[in-house]
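Engineer: pasting the sequence and the predicted coordinates here, then a few questions.
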Amino acid sequence: MFVGGGLRHRPRSVGGIDRHQPCGPSRRCGATVRGVQFLSPEWRRALREAAATNGLTRDQTCSIGIEVHDGVDRIAWRMHLGPDGVMIDEGSPDVTLVVDRVTAAALAQGTLNAQRALTDGRLSIRGDARTLAAADATLAALGDVFAAVRAATDFS
């Protein structure tokens, strides 16, 4: 497990929910998400909306790119972590995680962790991997932020 730090939680009430409590499929966190296809523009929009309503912040800024290869298509986005929270956009990342669609789906569903995917050769890293180590605590907390999106995602 990577060691990270600098994680703070900004208390925030969204939709009447105290953001100190974990957000899951049965709780409303920002916009309601219903039946989105994995990796579709609607799915990425749901990620952006979930990220915008979270209360996670980091003292230092970093950005992590996710690049998924789906046959001939390449789907990419950036997760920017910093003092203003977590944002999903299309900017240039400090480090990029590169995976195929099957691996991306397993990671998103939580049936595979990134360390295992890396050691199995199913995930590659472009850029400075120390960026990931520094953001480990924030990345671990993101599972709760994206739980509603994950529960509403069609991974087929």
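Structural biologist: That came through, no problem. Residues are numbered from 1 along each chain as shown.

Engineer: helices along this protein, start to end?
Structural biologist: 41-52, 101-109, 114-119, 130-134, 136-145, 147-151 (DSSP state H).

Engineer: and Ile88, which of those is closest to it?
Structural biologist: Nearest to Ile88 among the helices of the chain is helix 41-52 (4.3 Å), distances taken as C-beta to C-beta. Where you see a C-beta, it was placed from the backbone N, CA and C, and this is true even at glycine.

Engineer: I'd like the distance between Asp120 and Gly55.
Structural biologist: According to C-beta to C-beta, to the nearest Å, Asp120 and Gly55 sit 34 Å apart.

Engineer: neighbour-wise, which of these two wins?
Structural biologist: The residue with more neighbours, out of Asp120 and Gly55, is Gly55; 19 against 10, by other C-beta atoms under 10 Å.

Engineer: give me the phi and psi for that one.
Structural biologist: The phi/psi pair for Gly55 (degrees, to the nearest 10) reads phi -110, psi 10.

Engineer: any stretches of this protein with poor pLDDT?
Structural biologist: Scanning the chain for pLDDT under 70 picks out 1-34.

Engineer: and the spatially closest residue to Ala105 that is not a sequence neighbour, how many neighbours does it have?
Structural biologist: Leaving aside its chain neighbours, Ala105 sits nearest to Phe155 (4.8 Å; criterion: C-beta to C-beta, 6 or more residues apart in numbering). When counting by other C-beta under 10 Å, one arrives at 16 neighbours for Phe155.

Engineer: quick one: Phe155 and Leu107 touch, right?
Structural biologist: No: in this structure Phe155 lies outside contact range of Leu107 using C-beta atoms under 8 Å: 11.0 Å.
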